[in-house]
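[1] sequence? don't have it. structure:
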């Protein structure tokens, strides 16, 4: 079966060990993470995680369900089919001599990237965009000699007014009581 | 008034209705054990190895439906619990495992007996906690018990540093839990229920396969009503045994690797398989691509992640088995399925489990059947893992949910004796037998001492064939009888029992079986019978590993040649 890249977005409790639980689950079930990005959400004590998984629809569905079972995962959605914006940030250190420097800066300008550090034999470029854009820029820079790359992994957000997964400020306290 | 962490722990356990726990002390647990006498309502049973504590809590939980509690000290105590926690995880048993931890300032310093038990048990617990403030202890215990027993049950680990036990905090046991990420599905989706009912009403050859989920949900009565109304034959998984009465006319036994020939033929030929509270384990399905080839599959389970995990499902129903069966019962038509049932009964005649001929020696199957007769099927039977486990599953007819306690998913040798101990502690009014193998028993045999010290009246039947029998069987059938590392030199189990002050008896002949079992039952206290059975008897039917269920092998009609058996110890 054909594998495709899926974007999973999760809201998780901001507690020690949560990322460990998520990553451990992937390892244990033999799922591969392409990239994972974690950061605070708009609600205190809750974080947003964006995970890119490569797999068949059935595999990714199993990933989603298994993740949903983690107690610290509040919500999880597969937003692959949704209209969304996704961005990744990369820092690239490129070899630069007095003859190549201006060429590199020109490439950076085309990609609306920023030069964040200039040294005698290198330039550091900060670029933001989707993966394709970053890959294209890297391809062009390759010839100059890339010394180091640091990438964040993709973060994504569904377009429009309504969040794909609004965080409830007040979790349903009464619900748990009812089930007890 | 402020209380110590140890006091808060005891009070919280009492608030959860815990009346017994299985544990083993150690350095970091001293504050707890020092406090324990203040709470005489909390019975503590001292095991001889922490693995025994976890299995005992497991057996207790299965026999009572309550949360089992075990406790171990930091480091090796905690790691010794791991097998028992994994066992509970794979069989969805509600358990709270408490471990001591080194004091907070020592965490992360490789202190004496420090181990990251929460990390080690991450993939085998439903959830876990490291308690870093005494103030949060009560709330964590509340959550842990809630998680362990609700939804799909499972083990929850709480790791408590020594100084959290000694620190003071205000104590108020919370009334509610706050777990926004935890959902328990309940009723099942109406559309899917409707789809399932339509398929059921239409089916010519429907079949129910019932698993442990039926027992967990307390839905045995609902299952019976459901099956009877629509006259649908029932087969079970290993852990589903007891969910449907063993002597019911619609019960066609266990399916899968050592299932009955007729159960596996039924799965091969059914046009609608209704899977209830089971998870399509590979021991049940055999070769997945050849499993229930002609059937549409309705899968009812509480855990959405189980649906579609191993087999394709036509109608998924995520919900509590009991609630779903109650609702669906109103939607299904009463039915007969005469031809189908007639067909099944023919297969039952064609593939009998075993004809024991009189010339045979002491066959294990015969012992299990005698055990059934002697207990009138009204006992809790616990097993280890191996051939004896399968013979028990096949030849004892279980009528009550959780009257059969066995290690399914993990297949843990050594589970039997400590689990039986826990079952008897939880259900003192019941006769509890452990049927164990000579190999399996030796993994946790030290718990005989616990039986004696805490006066736990468990009867022990050893199916002693001098081999690690199930492995030997595979070596015989699939490795050209290359018996490597399976012949077993055993101690004299009767003398072992005697050394523990437990009454015992050796049985070598068929004629002695009935009398021995009766003697054991009449004896006031634990009793051990060492049954010296045919050494090379095999478990049949058997689906060879990797084969389709329908390719089951049956017991060859052979003369039993090795009688009288090898020298007795």
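    Alright, I've got the coordinates. In this text, all values refer to a predicted model and were calculated from it rather than measured experimentally.

[2] Pick out the residue closest to the middle of chain A.
    Residue closest to the mean C-alpha point of chain A, counted by CA atoms, centre = their mean, is residue A:154 at 2.5 Å.

[3] So that residue sits against residue A:86, correct?
    Yes: contact criterion CB atoms under 8 Å: residue A:154 and residue A:86 qualify, at 5.0 Å. Every C-beta, even on glycine, is put in place using the N, C-alpha and C of the backbone.

[4] Quickly list what's touching both of these two.
    Residues touching both residue A:154 and residue A:86 by CB atoms under 8 Å, 6 or more residues apart in numbering or on different chains: A:7, A:50, A:130.

[5] how about the nearest residue to the last one, chain neighbours excluded?
    If the residues on either side of it in the chain are set aside, residue A:130 comes closest to residue A:86, at 5.7 Å by CB to CB, 6 or more residues apart in numbering or on different chains.

[6] so that neighbour bridges to which residues?
    Beta bridges link residue A:86 to residue A:156 when assigned by DSSP bridges.

[7] Would you quantify the distance from whatever residue of chain B ends up closest to chain A to residue B:477?
    Closest to chain A within chain B is residue B:180: 3.2 Å, counting by CB to the nearest CB. Relative to residue B:477, residue B:180 is positioned 52 Å away (CB to CB, to the nearest Å).

[8] neighbour count winner among the two?
    Ranked by neighbour count (other CB atoms under 10 Å in any protein chain shown), residue B:180 and residue B:477 place residue B:180 first, with 21 against 14.

[9] wait, doesn't the more buried one sit right on residue A:71?
    No: contact between residue B:180 and residue A:71 fails when scored by CB under 8 Å: they sit 9.7 Å apart.

[10] helices and strands around the helix or strand containing residue B:448, which ones?
    Assigning secondary structure by DSSP states H and E places residue B:448 in helix B:448-453. Judged by 3 or more CB pairs under 8 Å, 6 or more residues apart in numbering or on different chains; DSSP states H and E, helix B:448-453 is in contact with strand B:43-46, helix B:416-426.

[11] Would you mind listing the buried residues in that helix?
    Across helix B:448-453, burial judged by 16 or more other CB atoms under 10 Å in any protein chain shown covers B:448, B:449, B:450, B:451.

[12] what's the spacing between the nearest residue to residue B:287 once chain neighbours are set aside and residue B:256?
    Excluding its sequence neighbours, the residue lying closest to residue B:287 (CB to CB, 6+ apart) is residue B:548, at 4.5 Å. Distance from residue B:548 to residue B:256, counting by CB to CB: 12 Å.

[13] quick one: common contacting residues for these two?
    Joint contacts of residue B:548 and residue B:256 (CB under 8 Å, 6+ apart) are residue B:286.

[14] So these two - more neighbours on which side?
    Counted by other CB under 10 Å, residue B:548 and residue B:256 do not tie: residue B:256 has more neighbours, with 25 against 19.

[15] before we move on, which element is the more buried one in?
    Assigned by DSSP H and E, residue B:256 belongs to neither a helix nor a strand.

[16] need the contact list for it.
    With CB under 8 Å, 6+ apart, residue B:256 has these contacts: B:237, B:238, B:263, B:264, B:281, B:283, B:284, B:285, B:286, B:543, B:549.

[17] of the buried residues of helix B:448-453, closest to residue A:43?
    Residue A:43 has its nearest neighbour among those in residue B:450, at 49.7 Å by CB to CB.

[18] avg pLDDT for stretch B:275-289?
    Average pLDDT, stretch B:275-289: 96.

[19] Burial check on residue 66, number of neighbours?
    Defaulting to chain A. 20.

[20] try chain B instead
    Neighbours of residue B:66 (other CB under 10 Å): 19.

[21] My reading is that it lies in a helix. Confirm?
    No: assessed with DSSP: H, G, I helix; E, B strand; the rest coil, residue B:66 is coil; it does not lie in a helix.

[22] Now do the residue nearest to residue A:130, the pLDDT please.
    Note on residue A:86: pLDDT of 90.

[23] Name all residues that make contact with it.
    A:7, A:50, A:130, A:154, A:155, A:156, A:157.

[24] so the residue of chain B closest to chain A, which of the three states?
    On the basis of three-state DSSP, residue B:180 is classed as coil.

[25] Would you check how far apart it and residue B:220 are?
    Counting by CB to CB, the gap from residue B:180 to residue B:220 is 33 Å.

[26] likewise residue B:394?
    In this view, residue B:394 and residue B:220 are 20 Å apart by CB to CB.

[27] residues in contact with the most centrally placed residue in chain B?
    Residue closest to the average C-alpha location in chain B (CA atoms, centre = their mean): residue B:406, at 3.4 Å. Residue B:406 makes contact with B:238, B:239, B:382, B:383, B:385, B:389, B:392, B:393, B:415, according to CB under 8 Å, 6+ apart.

[28] Quick check: which ranges of chain A have low pLDDT?
    Within chain A, the stretches with pLDDT under 70 are A:162-180.
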